[in-house]
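> Fold the following and give me the result.
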Amino acid sequence: MTAQMLIDGDWTESAGGRTFETVNPATGEVLDLVPEGTQADVEAAVAAASKAFESAQWAGMLPASRARLLWRIADLIEEHADELARLETRDQGQPFGISSTISVPNAAEHFRYYAGWATKLHGVTVPLSIPGVDYRNRREPLGVCGLITPWNFPLMIAAWKLAPALVTGNTVVLKPAEQTPLSTLRLAELCMEAGVPAGVINVVTGGPEVGRAIVHHPQVAKISFTGSTEVGREIGSVAGGRLARVSLELGGKAPSIIAPDADIDAILEGNIMGGLLNCGQVCAAYTRFYVDHRRADEFAEKLAAVAGGMRLGNGLDPTTVLGPLVSQEQLDRVDGYVRAGVAEGATLLTGGSRAGGELAHGFFYRPTVFAGVDDSMTIAREEIFGPVLSVIPYEDPAELAGRANDTDYGLGAVIWSRDIGTANRLAHEIKAGTVWINLPPFLDAAAPWGGMKASGVGREMGWEGIVSYTDIKSIWTGLS
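Numbering: from 1, shown residues only. Sure thing, here's the model as predicted:
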């Protein structure tokens, strides 16, 4: 079986004729051969997107028709929900309970949410202090948008970018992560089945060289990237050099702040979910747990007991709670951080090694909990992107906001407290794009999502998603 790329409405092989393997991280088996895209493929995809952007069929599509098109995509996602969820689980590793109840429904939700905006993208009239002039403005699409998605939630994040880009009239060249391309290719098939015109959506598969070709292309007006801060800095530099629009959703190191009055037993489940969802491969994963020093050991021991008892396995097994990491490279990265934690003096309570036995063929890592961590340790400062949780004691609650903010990142944070005044004061002081109070890390299409500091630039979702894919044009009319 060999997958194909989508360029100008046609499913095609790479111009270079090369392929790469995508594997099931739970078993190591090859799932498919995928085209290794080239500069020529990116050129063809951008040309197709440029032509489609100007076409009467797309540029002239009525708002109500565009709304029906996105709604139809959502319908098709739901009609193929089981297939998509299983494909996501096999290619990415996330348990079927996550792919079927979070990834696929969230993707459909985004297309439905943005379908509703199609008939509401209005400008405004403004009274000017100049006589004899009528002024109004309008929102217009940017043009060809390069969408580069990560491997942790490939289907869902592709939808986050595609839906607002399409509803505002842009065309796209989409590059899924090379580790997990299959659900994105299937989504593109469903979009074509829904009636998206040829050239509006193009998918070029491959590694970093494909992403660089998209980012450097002079006809790509906007880059939307989700991934590491290191790559995001490179993209931002290139985009700034040629004055292209850019949205970057990057790394995170979310603190979980547990106030002295918090009920530890009541909040344990929310912290486990927030820290270990998708085996910790979540940019907003709760990874730094700030706990009152009088209860830090109790919290750490209870956290370790629950984490250590979680069942690892193939995501298609209904008894599985945690799936594998996405690749051998990611497994080695996570293990390197665990070794650093031990070397720097943190106390390993559970986990800390690759799973063996019947799981040895996959990329499984045992959920890991450290106690006795301080803010200077590598595991407390750098994004691990795996099932590694660090419990950090504090003595003075007044220092919590400062310690939580003492990081390059600012994507998400959570506060646990029965005192709503304390919780909201901390929420105002913490420098993060999203702060949850007494909640696991929920997301919704209507709520803007993005980071501060090294966690990114710009926002996705909500009205801000519309703004990020449009330009505003002022129109002045002389009345004299």
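
> what's in contact with the helix or strand encompassing Leu331?
According to DSSP states H and E, Leu331 maps onto helix 328-343. Residues outside helix 328-343 that contact it (Cβ atoms under 8 Å, 6 or more residues apart in numbering) are 281, 324-325, 348, 351-354, 363, 365, 368, 370, 373, 377-379, 382, 384-388, 390. Any C-beta I mention is one placed from the backbone N, CA and C, and that applies to glycine too.

> dump the residue contacts of the residue at minimal distance from the centre of the chain.
The chain has Ile157 as the residue nearest its centroid, 5.0 Å off, counting by Cα atoms, centre = their mean. With contact set as Cβ under 8 Å, 6+ apart, Ile157 has these partners: Thr149, Pro150, Thr226.

> at 10 Å instead, please
Applying Cβ atoms under 10 Å, 6 or more residues apart in numbering to Ile157 gives the contacts 103, 106-107, 110, 147-151, 176-177, 184, 224, 226-227, 249, 283, 460.

> Okay, strands next: where are they in the stretch 301-450 of the chain?
347-350, 368-371, 388-394, 409-410, 412-416, 434-437 (DSSP state E, counting those that start in this stretch).

> Correct me if wrong: Ala64 contacts Gly116.
No. In this structure, Ala64 is not within contact of Gly116 by Cβ atoms under 10 Å, at 11.5 Å.

> quick one: which of the two has more around it?
Applying other Cβ atoms under 10 Å to Ala64 and Gly116 shows that Gly116 carries more neighbours, namely 14 against 10.

> ok so, going back, secondary structure element for the residue nearest to the centre of the chain, which one?
helix 154-167.

> Return the list of helices and strands in contact with the very next helix or strand once past that helix.
Next in sequence after helix 154-167, counting helices and strands by DSSP H and E, comes strand 171-175. If contacts are counted by 3 or more Cβ pairs under 10 Å, 6 or more residues apart in numbering; DSSP states H and E, strand 171-175 sits against strand 5-7, helix 39-54, strand 144-148, helix 154-167, helix 182-194, strand 201-203, helix 208-216, strand 220-226.

> and strand 171-175 with helix 208-216, angle?
150 degrees (axes from the mean of the first three to the mean of the last three Cα atoms, to 10 degrees).

> Enumerate every residue touching the residue nearest to Leu190 when sequence neighbours are not counted.
Using Cβ to Cβ, 6 or more residues apart in numbering and skipping residues adjacent in sequence, the residue nearest Leu190 is Leu76, 4.3 Å away. Listed by Cβ under 10 Å, 6+ apart, the contact partners of Leu76 are Leu84, Ala108, Phe111, Leu187, Glu189, Leu190, Cys191, Glu193, Ala194.

> Now name the helix or strand holding Leu76.
Counting by DSSP H and E, the element that carries Leu76 is helix 63-79.

> Repeat that for Gln57.
Per DSSP H and E, Gln57 falls inside helix 56-59.

> close enough to count as contact, Ile257 and Gly402?
No. Assessed by Cβ under 10 Å, Ile257 is found out of contact with Gly402, at 11.5 Å.

> okay, and the common contacts of these two?
Both Ile257 and Gly402 are contacted by Ile430, under the criterion Cβ under 10 Å, 6+ apart.

> Of these two, which one has the most company?
Comparing Ile257 with Gly402 by other Cβ under 10 Å, the one with more neighbours is Ile257, at 28 against 10.

> tell me the contacts of the nearest residue to Asn405 once chain neighbours are set aside?
Spatial nearest neighbour of Asn405, chain neighbours left out: Lys431 (4.9 Å); criterion: Cβ to Cβ, 6+ apart. By Cβ under 10 Å, 6+ apart, the residues touching Lys431 are Ala401, Ala404, Asn405, Thr407, Tyr409, Gly410, Ala413, Gly451, Met452, Lys453, Ser455.

> Repeat that for Ala165.
Contacts of Ala165 were listed using Cβ under 10 Å, 6+ apart, and they are 114, 141-142, 144-145, 147, 171-172, 174, 200-201, 222, 224, 465, 468-470.

> Please repeat the previous calculation with a cut-off of 7 Å.
Contact partners of Ala165, counting by Cβ atoms under 7 Å, 6 or more residues apart in numbering, are Cys145, Leu147, Val172, Tyr469.

> ok, now Ala198?
Listed by Cβ under 7 Å, 6+ apart, the contact set of Ala198 reads Asp8, Gly9, Ala52.

> please redo it, this time with the cut-off set to 10 Å
By Cβ under 10 Å, 6+ apart, the residues touching Ala198 are Leu6, Ile7, Asp8, Gly9, Asp10, Ala48, Lys51, Ala52, Ser55, Gln57, Trp58, Met192.

> Double-check the third one against Ser55; I have them as touching.
No. With contact defined as Cβ under 10 Å, Asp8 and Ser55 do not form a contacting pair (11.4 Å).

> Quickly list what's touching both of these two.
Shared contacts of Asp8 and Ser55, counting by Cβ under 10 Å, 6+ apart, come down to Ala198, Gly199, Val200.

> mind checking how far the last one is from Asp8?
Which is Val200. 10 Å (Cβ to Cβ, to the nearest Å).

> I'd guessed Gly17 sits against Thr38; true?
Yes. Applying Cβ under 10 Å as the test, Gly17 and Thr38 come out as touching, 9.3 Å apart.

> Have a look at the two and say which one is more surrounded.
Taking other Cβ under 10 Å, Gly17 and Thr38 do not tie; Thr38 has more neighbours (19 against 9).

> which SS class is the residue nearest to Val126 when sequence neighbours are not counted?
Spatial nearest neighbour of Val126, excluding adjacent residues (Cβ to Cβ, 6+ apart): Tyr135 at 5.2 Å. Of the three states, Tyr135 takes strand according to DSSP: H, G, I helix; E, B strand; the rest coil.

> what bridges to Tyr135?
Tyr135 has these beta-bridge partners by DSSP bridges: Trp476.

> separation between it and Val124?
Distance, Tyr135 to Val124, using Cβ to Cβ: 9 Å.
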